[in-house]
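1. fold the following and give me the result.
(one chain, ligands or ions: 1)
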Amino acid sequence: MRIKKAVIPVAGLGTRLLPATKTVPKELLPIVDVPAIQYVVQEAVDSGVDEIIFVTGRGKDGIEDHFDESPELVQVLEQRGQKELVEQLKAISKMVEVVSVRQKQPLGLGHAVLCARDLVGSEPFVVLLPDDIIDAEVPCVRQLLEVFEQTKESVLALRRVPKSEAHRYGIVGGKAMSERLCQVDTVVEKPQPADAPSELAIVGRYIFRSEIFSMLEKVAPGRGGEIQLTDGIAGLLRERKIFGYEFSGIHYDVGDKLGLVRATVAYALKRADLREPLKKFLAQAVNEKL
Ligand code: UTP
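-> Numbering: from 1, shown residues only. As a prediction, the model looks like this:
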């Protein structure tokens, strides 16, 4: 069974990036000249997904607009002979089918995923969090889909983090099945180092069987009064197997100031036109010779 739909929750407030996110959705902040959300949608498309479901909130309309056609802009660029830009803009609007549903209040990530229930239906689906950008040769979602194709069970993307950083993530415990694969047996949201069952943290990529929805429905508000996705996963774990996969690739948390700067620098260094001048600038800046 091919998984066709991906849910991307974008209804969060983005308070860690205020004041930038007062009026601009954090998902539209650029990594060089491409909005963060476009990298994430591209990953889904490159993994074989053909429908994106955005869970949006107030002030987030620009995200859907980014994937829509822009006839006025295209007309002006055509008149100016800027063909390359015209092609780029047309390619963005043709990337993928986009639909959306509103989360009226930011009641938590688990609640946001639950809002997509009617649009997803009863098939397994992907969830991508746009705060997490993963630079990988094989797209991270594709890596997870390969595990799903074998196991037919829900799969979580994992990366190792020092226990001192466990309080920033959902942490899993489990039984190793192979070098990168484990069968999850516990999941704890943002534990203190001493309570972390392992160093394996959940990163924002998931494949879920549709049973996750009935679990989320039963979740009571937890930490911070929010309906946590982790609590839904813990419920699902009582009824079905869940696997974790340590993906290969570099992860950036662009919902956080330092992560956003890191991603910007790393992606700029990959650009032929920016690499050398940026390296020069960074060397000068580090030596405080600015
Ligand atoms: P975060 O925990 O990063 O929350 O959400 P946030 O509100 O966006 O950011 P900060 O912490 O205030 O800076 C993880 C993902 O879940 C979505 C966010 O948009 C983000 O993609 N989310 C979170 C929702 O869609 N709805 C919610 O109620 C909460």
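2. contacts, neighbours, all on C-alpha from now
-> OK.
3. give me the nearest residue to the residue of the stretch 151-290 of the chain found nearest the ligand, chain neighbours excluded.
-> Using Cα to the nearest ligand atom, the single residue of the stretch 151-290 of the chain nearest to the ligand is G255, 6.0 Å away. Excluding the flanking residues, the one nearest G255 by Cα to Cα, 6 or more residues apart in numbering is D131, at 4.7 Å.
4. I212 and S122: what is the separation?
-> 10 Å (Cα to Cα, to the nearest Å).
5. which one's more surrounded, those two?
-> I212 (23 against 12; other Cα atoms under 10 Å).
6. quick one: the helix or strand that one falls within near the ligand?
-> Per DSSP states H and E: I212 is located in helix 211-218. No - using Cα under 6 Å from any ligand atom, helix 211-218 stays clear of the ligand, coming no nearer than 13.2 Å.
7. which parts of that helix are buried?
-> Within helix 211-218, the residues that count as buried by 16 or more other Cα atoms under 10 Å are E211, I212, F213, M215, L216.
8. nearest to V98, of these?
-> Relative to V98, the closest of those is F213; by Cα to Cα it sits at 21.1 Å.
9. leaving out the residues flanking it, which one is nearest to the closest one?
-> Of all residues not flanking F213 in the chain, L114 sits nearest, at 5.8 Å (Cα to Cα, 6+ apart).
10. who's in contact with that neighbour?
-> L114 sits next to F213, L216, E217 when contact means Cα atoms under 8 Å, 6 or more residues apart in numbering.
11. residues from the stretch 101-250 of the chain in reach of the ligand?
-> Residues of the stretch 101-250 of the chain lying near the ligand by Cα under 6 Å from any ligand atom: P106, L107, G108, L109, A112, L129, P130, D131.
12. hmm, the third one is touching T230, no?
-> No - checked against Cα atoms under 8 Å, the pair G108 and T230 is beyond contact range at 10.6 Å.
13. name the helices or strands packed onto the helix or strand where A268 lies?
-> Using DSSP H and E, the element containing A268 is helix 257-269. Packed against helix 257-269 by the contact rule (3 or more Cα pairs under 8 Å, 6 or more residues apart in numbering; DSSP states H and E) you find strand 30-31, strand 250-253, helix 272-286.
14. now these as TSV including mean pLDDT?
-> Formatted as TSV, these follow (pLDDT from 0 to 100):
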stretch	mean pLDDT
strand 30-31	97
strand 250-253	97
helix 272-286	95
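15. among these, which is nearest H167?
-> Nearest to H167 among these is strand 250-253; the distance by Cα to Cα comes to 14.6 Å.
16. show me what the closest one is packed against.
-> Applying 3+ Cα pairs under 8 Å, 6+ apart, we find strand 250-253 packed against strand 132-135, helix 257-269.
17. point out the most buried one among those.
-> Using mean count of other Cα atoms under 10 Å, the stretch among the helices and strands packed on strand 250-253 with the largest mean neighbour count is strand 132-135, at a mean of 23.
18. what does the very next helix or strand once past it contact?
-> Moving toward the C-terminus from strand 132-135, the first helix or strand encountered (DSSP H and E) is helix 140-151. When contacts are defined by Cα under 8 Å, 6+ apart, helix 140-151 is touched by residues 1, 43-44, 46-48, 126, 134, 154-157, 205-207, 245, 247-249.
19. same thing but at 6 Å, please
-> Residues outside helix 140-151 that contact it (Cα atoms under 6 Å, 6 or more residues apart in numbering): S47.
20. which one of the contacts of L114 sits closest to A20?
-> Set against A20, the nearest of these by Cα to Cα is L216 (31.4 Å).
21. the closest residue to the closest one other than its chain neighbours: which element?
-> With Cα to Cα, 6+ apart as the criterion, L216 has its nearest non-adjacent residue at 4.7 Å, and that residue is G232. Using DSSP H and E, G232 maps to helix 229-239.
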